[in-house]
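Peer 1: Output the structure for:
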Amino acid sequence: AGTYLLCERILALAGNLYPSFASVLVGIGVFYCLAGKTLIKEVKAVFEAVDRSTEEGRRQVGRIVGRDTSRLSPQEIRAAALETLAENLSDGVIAPMFWFALLGLPGMMAYKMVNTLDSMIGYKNERYFEFGQIAARLDDLANYIPARLTAWLMLAVSGNLNKMDLVKRFGPAHASPNSGYPEAALAAILNCRFGGTHDYFGKPVEKPYIGTNERTFTTEDMLIAIKTNGNAELAMGLIVCLASMIIH
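Peer 2: Numbers count the residues shown, from 1 in each chain. As a prediction, this is how the structure comes out:
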């Protein structure tokens, strides 16, 4: 709430001083709230690193995932990168744009604060289990519609809307009420399987499988996933522009 009100006040003051200055601040704010390009760069780096050596791949994927990467196999490293790419398409791009369309830059900034707090303290471990619950629940609420919209966009831009049944089947299986939907969409697009048991903070966490076809991941899968992400981001951008034109 504080982030929303502070951003709103800054934009109001900027608009009173010079109307165009407020528009410039909105443009800068939107630029820094979207993380699509950074994520794609990191996922590419993971696939390139694991092709050189498993140990290098483990270090590289450790930059973008919360699980323990010290014992991951090359297959698990690639899977982790693809899962993160799908999940963070929602968190890093579609959800911020969704809240921008509804509440402008203040809404977008407030969403990023909610999402950042969840990343910092929304963990089920001894230190954060009680302290981080509000952050985690707020993040679940803020991402409820964007996560499902992300899955739909991914299927639409890749020509796989006929696979929505798979998303409806596997999306709710994830421990998170939201993360499973974009992951299920990518599993449908790639005809693959995500999930399994991974270590978080020294404890094994068993994640349900998403998808049915257990196969080896390749660089081609990464390229398809990146193309899907880029097209979904573009489609969401067009939707937001059209919505803004209709509203104003």
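
Peer 1: List the buried residues for stretch 157-164?
Peer 2: 157-158, 160, 163-164 (16 or more other C-beta atoms under 10 Å). Placement of C-beta: from N, CA and C, glycine included.

Peer 1: Can you tell me which of those residues comes closest to Met236?
Peer 2: Ranked by distance to Met236 (C-beta to C-beta), the buried residues of stretch 157-164 are led by Val157 at 9.7 Å.

Peer 1: Skip the chain neighbours and tell me the closest residue to the closest one.
Peer 2: What sits nearest to Val157 in space, not counting adjacent residues and going by C-beta to C-beta, 6 or more residues apart in numbering, is Asn231, at 3.8 Å.

Peer 1: Let's see the pLDDT reported for the one you found.
Peer 2: Asn231 is assigned a pLDDT of 96 by the prediction.

Peer 1: who touches stretch 33-51?
Peer 2: Stretch 33-51 is contacted by residues 56-57, 59-61, 63-64, 74, 77-78, 80-82, 84-85, 88-89, 92-93, 96-97, 100, 108-109, 112, 219, 222, 225-226, 229-230, 233 when judged by C-beta atoms under 8 Å, 6 or more residues apart in numbering.

Peer 1: one step back: now that the residue nearest to Val157 has come up, it's in contact with Gly159, right?
Peer 2: No. Counting by C-beta atoms under 8 Å, Gly159 is not a contact partner of Asn231; they are 10.2 Å apart.

Peer 1: Helix or strand: which one has the nearest residue to Ser90 once chain neighbours are set aside?
Peer 2: Nearest non-adjacent residue to Ser90, counting by C-beta to C-beta, 6+ apart: Thr150, 4.0 Å away. Using DSSP states H and E, Thr150 sits within helix 133-157.

Peer 1: now do Phe194
Peer 2: Phe194 belongs to strand 193-200, assigned by DSSP H and E.

Peer 1: For the residue nearest to Val157, which three-state class applies?
Peer 2: Following DSSP: H, G, I helix; E, B strand; the rest coil, the label given to Asn231 is helix.

Peer 1: picking up where we left off before, quick one: which of the buried residues of stretch 157-164 is nearest to Glu8?
Peer 2: Using C-beta to C-beta, the buried residues of stretch 157-164 come closest to Glu8 at Val157, 33.1 Å.

Peer 1: Could you measure from that closest one over to Arg215?
Peer 2: Using C-beta to C-beta, to the nearest Å, Val157 is found at 23 Å from Arg215.

Peer 1: Gly159 too?
Peer 2: For Gly159, the distance to Arg215 equals 21 Å [C-beta to C-beta].

Peer 1: again, but for Glu56
Peer 2: Applying C-beta to C-beta to Glu56 and Arg215 gives a distance of 23 Å.

Peer 1: Output stretch 39-49 as CSV, nothing but the C-alphas.
Peer 2: What follows is stretch 39-49, C-alpha atoms only, in CSV (Å, rounded to 0.1, in the frame of the first residue of the first chain):
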residue,chain,number,x,y,z
LEU,A,39,15.2,-14.1,-17.8
ILE,A,40,15.7,-15.3,-21.4
LYS,A,41,19.4,-14.3,-21.2
GLU,A,42,19.8,-16.4,-18.0
VAL,A,43,18.0,-19.4,-19.4
LYS,A,44,20.2,-19.4,-22.5
ALA,A,45,23.3,-19.1,-20.3
VAL,A,46,22.1,-22.2,-18.4
PHE,A,47,21.8,-24.4,-21.5
GLU,A,48,25.1,-23.2,-22.8
ALA,A,49,26.8,-23.8,-19.5
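
Peer 1: Quick check, Thr84 in contact with Val65.
Peer 2: Yes. With contacts counted by C-beta under 8 Å, Thr84 reaches Val65, the gap being 5.5 Å.
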